[in-house]
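In: What would the 3D arrangement of this be:
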Amino acid sequence: MNKSVYPSGRILLVDDDLSWLKILPITLERCAGITNVVTCSDSRQVTQFLDKGGIELVLLDLNMPNIVGEDLLKIISENYPEITTIVVSSIDHVATAVRCMKLGAFDYFIKTDEEDRIVGGILRAVRMMEMRSQLAEMSNTVIAGGLRNPEAFTEIVTGDRSMLALFAYIEAVAKSQQPLLITGESGTGKELLARATHALSGCQGKLIAVNVAGLDDTVFSDTLFGHVRGAFTGADTMRRGMVEEAEKGTLFLDEIGDLSIPSQVKLLRLLQEGEYFPLGSDSPKRLNARVIVATHQNLSVKEAGNAFRRDLYYRLRTHQVRLPPLRERKDDIPLLLNHFLVQASSAIGKKAPTPTRGLAQYLATYSFPGNIRELRAMVYDAVSVNTDRILTMAWFIKTIELSRVDAETTNIPDSKLNPFASFEEIPTISHAVEFLLDEAMKRSSNNQTLAARLLGISQPALNKRLKTLHS
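Out: Below is the predicted model:
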């Protein structure tokens, strides 16, 4: 039987110590299931390995004959920048470690370090390699669908098929002069999509973003159109509006669903006539920017209730996309978790902790009403308080349970708190328990530990109930 290979990209271990070449691969397989390791005892042969391709990570000793480790590190950084390098050496000097990091090393470990510290650091690099591979696969998928510039979407971390189809649509309409309407719940990444559209549009100017929520008609007009000197009390100088600032670029209006009817009229004129009047001016100016608008509200419902003008609604929806909430793209949670772990750790100068096994799966059981923004905030907070190399579930469980309690007790009718309130006949205790067990196991993908946490019982207790149920 062939031994399974993990990770898909090979790891090259370079060291003149033959015993270490035998020990480390065994340790990596035993502790982390890493089996795709090749070894090299002669530093002069390293470039031959790298030229053949397939090597994604190099574990490098420093004190070697022929080509010393630091010189080899420099060669790899300059000629093979796509390859990640970790120094694992017997040299325990801070100055040497700092020098290696400046030369491009991903991490630096001493051979006498604790076993789990070395393995954990290598695992972090492997996960980074996996993320890079997943992003490359995503790009290939997009390219196969006709996308010419997948790099425009690199800020949006996803592998979801519906998102990839959305990217293809965005490129197709990016150069259009018609408005683009982006809908989706708060925190789904509407501004990121607007920025990707701007990048693809070919517009030479800047993207100017304006959140119009809460702006009354006068402030809206002044913000967008500007004013001339003397237009009103206190207008001592002329002020350029955001429309003019966005000249030859993109004007992004966020939370468009909150606009008052008078402001909607002015926006409609801007889109229909392509002109506007600064406050206090009788001379019109021309719109010379692409307009993108976004909202978390249902504009069709607002239009039906006469809270949003029909003519503006149909003008805005010439091109439109809906960003799905995170609960509809749960396969992206592991990607986003790793992305935010690296981002948060870098922001506060920490090494990214390794998420405990099952964390992403547990997060997938939560609905994330705040979507990606909520997940990002959750990860940043967890990294800030974490003091270990491993990021456990405990903090996430506490935070999510508090969020669930808050959601259940904030302006929710009693009938909503009792799932059986609408039943004509309530189930028996045994049937209710069976339904709960089945649902918990479904939501946890048959992971008993996670299912037990969802039910608020211990894993042994859950196991006992499942055995009784199926006996």
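
In: mind listing what residue 274 touches?
Out: 286, 287 (Cβ atoms under 8 Å, 6 or more residues apart in numbering). Backbone N, C-alpha and C define where each C-beta goes, glycine included.

In: I meant to write residue 286 there.
Out: Going by Cβ under 8 Å, 6+ apart, the list of residues near residue 286 reads 274, 275.

In: With residue 19 as the reference, measure out to it.
Out: Separation of residue 286 from residue 19 (Cβ to Cβ, to the nearest Å) stands at 76 Å.

In: again with residue 153
Out: 47 Å.

In: for residue 298, same thing?
Out: 67 Å.

In: Which one of those two is surrounded by more residues?
Out: Taking neighbours as other Cβ atoms under 10 Å, residue 298 and residue 19 compare with residue 298 leading, 12 against 8.

In: quick one, what contacts that one?
Out: Residues in contact with residue 298, defined by Cβ under 8 Å, 6+ apart, are residue 183.

In: Next SSE downstream of the helix or strand where residue 449 lies?
Out: Assigning secondary structure by DSSP states H and E places residue 449 in helix 448-455. Next helix or strand after helix 448-455 toward the C-terminus (DSSP H and E): helix 459-469.

In: export that following helix as CSV, just CAs?
Out: Extracted in CSV, the C-alpha atoms of helix 459-469 (Å, rounded to 0.1, in the frame of the first residue of the first chain):
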residue,chain,number,x,y,z
GLN,A,459,-18.9,14.2,24.5
PRO,A,460,-19.2,10.9,26.6
ALA,A,461,-22.8,11.9,27.4
LEU,A,462,-23.6,12.5,23.7
ASN,A,463,-21.9,9.2,22.8
LYS,A,464,-24.0,7.3,25.3
ARG,A,465,-27.2,8.9,24.0
LEU,A,466,-26.3,8.1,20.4
LYS,A,467,-25.6,4.5,21.3
THR,A,468,-29.0,4.3,23.1
LEU,A,469,-30.7,5.9,20.1
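
In: tell me the angle that helix makes with helix 448-455.
Out: Relative orientation of helix 459-469 and helix 448-455, computed by axes from the mean of the first three to the mean of the last three Cα atoms, to 10 degrees: 90 degrees.

In: tell me what helix 459-469 is packed against?
Out: If you count contacts as 3 or more Cβ pairs under 8 Å, 6 or more residues apart in numbering; DSSP states H and E, helix 459-469 packs onto helix 429-443, helix 448-455.

In: okay if I get these as a markdown table plus mean pLDDT and mean neighbour count?
Out: Formatted as a markdown table, the helices and strands packed on helix 459-469 follow (pLDDT from 0 to 100; neighbours: other Cβ atoms under 10 Å):
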| stretch | mean pLDDT | mean neighbour count |
| --- | --- | --- |
| helix 429-443 | 82 | 14 |
| helix 448-455 | 80 | 20 |
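
In: any chance of these in TSV, with distance to residue 204 too?
Out: Formatted as TSV, the helices and strands packed on helix 459-469 follow (distance: least, Cβ to Cβ, whole Å):
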stretch	distance to residue 204
helix 429-443	49
helix 448-455	51
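
In: Nearest to residue 69, out of these?
Out: helix 448-455 (42.2 Å; Cβ to Cβ).

In: Might you calculate how far that closest one sits from the centre of the chain?
Out: Helix 448-455 sits 26 Å away from the centroid of its parent chain (Cα atoms, centre = their mean, to the nearest Å).

In: now the strands for the stretch 301-450 of the chain?
Out: 319-322, 354-355, 390-391 (DSSP state E, counting those that start in this stretch).

In: How about the stretch 51-200 of the chain?
Out: All strands of the stretch 51-200 of the chain, identified by DSSP E, counting those that start in this stretch, fall at 55-60, 84-89, 107-110, 180-183.

In: Could I get those strands in TSV, plus columns for mean pLDDT?
Out: Output for the strands of the stretch 51-200 of the chain, formatted as TSV (pLDDT from 0 to 100):
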stretch	mean pLDDT
strand 55-60	96
strand 84-89	95
strand 107-110	94
strand 180-183	96
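
In: Would you mind giving those as JSON lines with distance to residue 72 and mean neighbour count added?
Out: Compiled in JSON lines, the strands of the stretch 51-200 of the chain are given as follows (distance: least, Cβ to Cβ, whole Å; neighbours: other Cβ atoms under 10 Å):
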{"stretch": "strand 55-60", "distance to residue 72": "6", "mean neighbour count": "24"}
{"stretch": "strand 84-89", "distance to residue 72": "9", "mean neighbour count": "23"}
{"stretch": "strand 107-110", "distance to residue 72": "14", "mean neighbour count": "19"}
{"stretch": "strand 180-183", "distance to residue 72": "48", "mean neighbour count": "24"}
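
In: would a markdown table of the ones you listed with distance to residue 460 be doable?
Out: Converted to a markdown table, the strands of the stretch 51-200 of the chain look like this (distance: least, Cβ to Cβ, whole Å):
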| stretch | distance to residue 460 |
| --- | --- |
| strand 55-60 | 39 |
| strand 84-89 | 40 |
| strand 107-110 | 38 |
| strand 180-183 | 46 |
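
In: And those: which comes nearest residue 29?
Out: Nearest of the strands of the stretch 51-200 of the chain to residue 29, taken as Cβ to Cβ: strand 55-60 at 13.9 Å.

In: I'd like to know which elements that closest one is packed against.
Out: Checking 3+ Cβ pairs under 8 Å, 6+ apart, strand 55-60 ends up next to strand 10-14, helix 46-52, helix 69-79, strand 84-89, helix 115-144.

In: and with 6 Å instead?
Out: Judged by 3 or more Cβ pairs under 6 Å, 6 or more residues apart in numbering; DSSP states H and E, the packing partners of strand 55-60 are strand 10-14, strand 84-89.

In: what's the domain layout of the chain?
Out: 10-135, 145-324, 330-355+371-412, 416-471 (automatic domain parsing).

In: Of the ones you listed, which is nearest residue 365?
Out: Proximity to residue 365, assessed across the domains of the chain by Cβ to Cβ, is greatest for domain 416-471 (4.8 Å).

In: Quick one: distance of that closest one to the chain centre.
Out: Offset of domain 416-471 from its chain centre (Cα atoms, centre = their mean): 32 Å.

In: Then stretch 365-385?
Out: Distance of stretch 365-385 from its chain centroid, counting by Cα atoms, centre = their mean, is 11 Å.

In: could I get the domains of the chain as TSV with distance to residue 365?
Out: TSV is the format used below for the domains of the chain (distance: least, Cβ to Cβ, whole Å):
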stretch	distance to residue 365
domain 10-135	22
domain 145-324	18
domain 330-355+371-412	8
domain 416-471	5
